[in-house]
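Q: Could you work out the structure for the sequence below:
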Amino acid sequence: MELELKRPLLFFDIESTGLNIPADSIIELSFVKVFPGGEQRVKTWRNTPWYYERQGQRPIDPGASAVNGVTDDMLTGCPRFLEVCDEVQDWLDGADLAGFNSAKFDLPMLAEELERARLYAHKAIRVDLHEALMVDVQAIFHTMEPRNLRAAYRFYCGGADFENAHTAEADTIATYEVLKGQLDRYPDTLKNDVEALAAYTGRKTVDFSGNLVLDADGDAVIAFGKHKGHKAREIFDREPSYFAWVQNSNFTLDTKQQFKKLAEQFKAEKSRPLSDEQTREAGEALAARFNTGKLF
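A: Next comes the predicted model:
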């Protein structure tokens, strides 16, 4: 069914450096503008995420890169948001908005970038996103087709509700039945093996809260705060007091335990004798410094 529109409806989606709106930036912005009568126009920008306070490129969180496939080097030479801000506003002007889960993330992220352009680059912001109507397609989907345990049980286990929903025992038994139903429905995708199932749904975080994530090399990376995006090993070498700060701050006990384990691991590695290969590499590095006349 074609949309009946009184004014343009702008579908949009954002990829970003991470999910912390005040601390992250847009790296890709895509618009599909549908006009009354059915005409469609499409535009996508890829942007260098800009850290205005530090006047430099903001790094992409490794967890975000794992999802969107964009790395820092891929954005070299791309315009900053402030440089496409006027064109973005031309597309937004006079349109209502639509997206998938966009009301909770994409819309406030776009508003944040516009405000940054106003505050830091003194750009004239002539659109007010609060005035546009917002259609969140995911909200319709979740309302019409609930995605909870009860809905999963109906879908995978024969269409009936289970009794005593939301009691711990009933929910646990239902979850067991749902997994068996999923194995029946997706035999070509899901292997009936716990190790394979865990890998299929596996997490890429070190701690359960996601404050430490694994990068492509399998190294722990800090996913919050001033050291976000930096390897934990690098921060331990440069600022070991940061690990002590974590232990005395408001983090989960699991997060503190994982930071403690990493600190113990890094300390142990430092106390280990160097291998012949490591000794050779260290000697070559020192010789190179002497040759350039720069020891530090």
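
Q: In this structure, which residue is most central in space?
A: For the chain, the residue sitting closest to the mean C-alpha position, by CA atoms, centre = their mean, is residue 64 at 3.5 Å.

Q: Does that residue fall in a helix, a strand, or a coil region?
A: helix (DSSP: H, G, I helix; E, B strand; the rest coil).

Q: so residue 270 sits in a helix?
A: Yes: membership of residue 270 in a helix is supported by three-state DSSP.

Q: and it, how far is that from residue 149?
A: Distance from residue 270 to residue 149, counting by CB to CB, to the nearest Å: 47 Å. Where you see a C-beta, it was placed from the backbone N, CA and C, and this is true even at glycine.

Q: More neighbours: the two, which one.
A: Higher neighbour count among residue 270 and residue 149: residue 149, with 17 against 9, using other CB atoms under 10 Å.

Q: What values do phi and psi take at that one?
A: According to degrees, to the nearest 10, the main-chain angles of residue 149 amount to phi -60, psi -40.

Q: ok, back up a step: could you check how far the closest residue to the residue nearest to the centre of the chain other than its chain neighbours is from residue 213?
A: Nearest residue to residue 64 in three dimensions, chain neighbours excluded: residue 18, at 5.0 Å (CB to CB, 6 or more residues apart in numbering). In this view, residue 18 and residue 213 are 10 Å apart by CB to CB.

Q: shared neighbours of these two, anything?
A: Common contacts of residue 18 and residue 213, defined by CB atoms under 8 Å, 6 or more residues apart in numbering, comprise 61, 63, 223.

Q: residues in contact with the second one?
A: What it means is residue 63. 18, 204, 205, 210, 213, 223.

Q: got a winner among those residues for most neighbours?
A: Among the contacts of residue 63, the one with the most neighbours (other CB under 10 Å) is residue 223, at 25 neighbours.

Q: Next one: residue 66 from residue 258, what distance?
A: 19 Å.

Q: Give me the below-cutoff pLDDT ranges for the stretch 151-296 of the chain.
A: The stretch 151-296 of the chain contains residues with pLDDT under 70 at 164-166, 202-203, 274-296.

Q: could you redo the last one with a cut-off of 90?
A: For the stretch 151-296 of the chain, the stretches flagged by pLDDT under 90 are 151, 153-155, 158-179, 189-191, 193-210, 215-218, 251-254, 269-296.

Q: Might one say that the residue nearest to the centre of the chain is in contact with residue 17?
A: Yes: the criterion here is CB atoms under 8 Å, and residue 64 meets it with residue 17 at 5.9 Å.

Q: Overlap in contacts, those two.
A: When contacts are counted by CB under 8 Å, 6+ apart, residue 64 and residue 17 are jointly contacted by residue 24.

Q: so where do the strands sit in the chain?
A: 9-16, 26-34, 40-46, 50-51, 56-57, 96-99, 134-136, 212-214, 220-222 (DSSP state E).

Q: will you turn those strands into JSON lines that also has distance to residue 245?
A: Putting the strands of the chain into JSON lines (distance: least, CB to CB, whole Å) gives the following:
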{"stretch": "strand 9-16", "distance to residue 245": "27"}
{"stretch": "strand 26-34", "distance to residue 245": "30"}
{"stretch": "strand 40-46", "distance to residue 245": "36"}
{"stretch": "strand 50-51", "distance to residue 245": "23"}
{"stretch": "strand 56-57", "distance to residue 245": "25"}
{"stretch": "strand 96-99", "distance to residue 245": "38"}
{"stretch": "strand 134-136", "distance to residue 245": "39"}
{"stretch": "strand 212-214", "distance to residue 245": "15"}
{"stretch": "strand 220-222", "distance to residue 245": "12"}
